[in-house]
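Just to be clear, the model below is a prediction. Sequence and coordinates:
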Amino acid sequence: MKFDLTDLRIFLSAVEGGSLTAAALQNNIVVAAVSARLRKLEVSFGLPLMERTGRGIRPTLAGDMLARHARLVLDGARKLEVELEAFAEGRGGSIRLLSNTNMLSEHMPQILGRFLTDNPDIVVSVKDKPSFEVVNLLRNGEADIGIVAASADMTGLEVWPFVRDRLAVIAPEGSQLEGPLAYTSILDCPIVALNENVALSQFLRRLAAELGRRATIRMRVENFEAMCRVVESGVGIGIVPETAAMRYSRMMNLRILPIADAWAERELYLCVRSREQLPRYGQALLAHMLDYVDTVRIPRPETDGGGAQPCG
C-alpha cells in the first residue's frame with residue numbers, strides 16, 4: 001500500500017464534504033486531481049472506498065473504516081508537528097522522569113511543583129521504577145531523566161550526585177522492638193507494605209529472596225500515609241523513607257527505628273543519556289533539580305539504641 005498524508009487529507013475532505021467539489025475547494029486543487037487521488041487509494045487498497053449518490057458521494061463500509069483511521073493519523077501528525085515546533089523553540093513539551101518510590105513521595109512534589117508553575121507549557125510524566133530498570137530505559141531512549149541508587153550500573157550515562165535516601169522502620173508506639181534492626185529481624189514481624197508493583201516493594205522482596213526468606217505481609221496500602229495509619233493501629237510494622245516517618249510521627253503515635261543493613265542508606269544520582277541532547281525545557285528541569293540538592297538536609301531522628309528484640 002502506497003499513500004501519504006495528502007491522500008488521507010483529500011479523502012477525508014471528500015467524505016466530510018460529501019462531494020469531490022467540496023474536497024477540491026478545501027484543498028485548493030482541481031476536481032480531476034481529487035478524483036485521481038481517490039482512485040489511487042482504491043487501487044492501493046484493492047477496495048471501493050466511495051460510491052456515488054444523487055447528492056454527491058458517500059463512503060463505503062471500507063471507506064468508513066479508512067475515514068476513522070485517517071482522522072487518527074492526521075490528528076497525530078498535527079500534534080507531532082506542534083510538539084516538534086515547541087521542542088525546537090524550547091517553549092514546551094513532555095519530559096519522561098523515572099525514579100524510585102521514596103524520591104517520588106518525598107521530594108518530587110517540592111521539586112516539580114515550583115517548576116511546573118513557572119513552566120505551564122511543560123508536561124512531566126513521572127513513573128515509579130526500580131533503579132536497574134531506570135538505567136536501561138534511559139539508555140534505550142524511553143526516558144529523559146532518571147533518579148537511581150548508587151548500586152545501579154550507570155555506565156554510558158551522564159551522572160550527578162543528588163540526595164541521600166534513608167529508610168527506617170515504623171512501629172506502633174507500644175512496640176517492644178529496639179533498633180537498629182537487621183532485615184532478618186524485620187522479616188520475623190508482620191509487615192504493612194505498599195502495593196506489589198511499586199519499586200520499594202520490589203526492592204524489599206528481592207532482598208528477602210536473597211536471604212531465602214519471605215515477608216509476612218498483613219496488608220498492602222497505596223501510600224506512606226496510609227501505611228503509617230495502619231501501623232499506628234497495631235497491625236504490624238512498615239518500612240518508609242525516614243523523612244516520611246518523621247513527618248507522620250508528629251501526627252501519629254509511631255516509633256521510628258533505624259535499620260542496621262547498609263542498603264537502608266543510599267546515595268541517589270540524577271542520570272540522563274545526554275544532557276546536550278535534551279530539549280531546552282528538559283535541560284531546564286535538570287538544572288532545577290540540581291539546584292534543589294543544595295536545599296536538602298535530612299536530619300536524623302532521635303532514636304533509642306539497643307539490640308533487636310522479638311516482635312511485640
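Yep, it's here. Numbers count the residues shown, from 1 in each chain.

Extract the CA atoms of the helix or strand harbouring E267 and return them as CSV.
Following DSSP states H and E, one finds E267 within strand 265-272. Output of strand 265-272 as CSV, limited to C-alpha atoms (Å, rounded to 0.1, in the frame of the first residue of the first chain):
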residue,chain,number,x,y,z
GLU,A,265,21.0,4.4,53.4
ARG,A,266,21.8,5.1,49.8
GLU,A,267,23.2,7.9,47.7
LEU,A,268,20.9,8.8,44.8
TYR,A,269,22.1,10.1,41.4
LEU,A,270,20.5,12.0,38.6
CYS,A,271,21.1,10.4,35.2
VAL,A,272,20.5,11.3,31.6
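
Pull out the buried positions in that strand.
Of the residues in strand 265-272, those buried under the neighbour-count criterion (16 or more other C-beta atoms under 10 Å) are 266, 268-272. Every C-beta, even on glycine, is put in place using the N, C-alpha and C of the backbone.

Ok, stretch 66-84 next?
66-67, 70.

Also stretch 209-225?
Buried residues in stretch 209-225 (16+ other C-beta under 10 Å): 215, 218-221, 224-225.

a helix runs through R214, doesn't it?
No: counting by DSSP: H, G, I helix; E, B strand; the rest coil, R214 is not found in a helix; it is coil.

Contacts only, for it.
Applying C-beta atoms under 8 Å, 6 or more residues apart in numbering to R214 gives the contacts 187, 208.

gap between it and D64?
Separation of R214 from D64 (C-beta to C-beta, to the nearest Å) stands at 55 Å.

One more: A77?
Using C-beta to C-beta, A77 is found at 21 Å from D64.

ditto for M103
49 Å.

and those two? which has more neighbours close in?
Per other C-beta atoms under 10 Å, whichever of M103 and D64 has more neighbours is M103, with 23 against 12.

bridging residues for the residue nearest to the more buried one when sequence neighbours are not counted?
Leaving aside its sequence neighbours, M103 sits nearest to I147 (C-beta to C-beta, 6 or more residues apart in numbering; 5.1 Å). On the basis of DSSP bridges, I147 is bridged to L270.

I147: neighbouring residues, count only.
26.

With A199 instead?
24.

Report the contact partners of it.
100-101, 128-131.

So which of those residues sit within helices?
Cross-referencing the contacts of A199 against helices under DSSP state H gives 101, 131.

Now flag whichever of the contacts of A199 is closest to G234.
T101 (24.2 Å; C-beta to C-beta).

circling back to that earlier point, if any of the contacts of A199 are buried, put those into a ChimeraX selection.
To isolate the buried members of the contacts of A199 in ChimeraX, using 16+ other C-beta under 10 Å:
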select :100,101,128,129,130,131
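
Quick check: the gap between the closest residue to T216 other than its chain neighbours and E222.
Ranked by C-beta to C-beta, 6+ apart and with sequence neighbours excluded, the top spatial neighbour of T216 is P190, at 5.3 Å. Look at P190 and E222: by C-beta to C-beta, they are 19 Å apart.

what do you get for L204?
Following C-beta to C-beta, the distance that separates L204 from E222 is 17 Å.

Check R52 too.
R52 sits 59 Å away from E222, going by C-beta to C-beta.

Kindly reformat the buried residues of stretch 209-225 as CSV containing distance to R250.
Putting the buried residues of stretch 209-225 into CSV (distance: C-beta to C-beta, whole Å) gives the following:
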residue, distance to R250
A215, 28
R218, 25
M219, 23
R220, 25
V221, 20
F224, 14
E225, 12
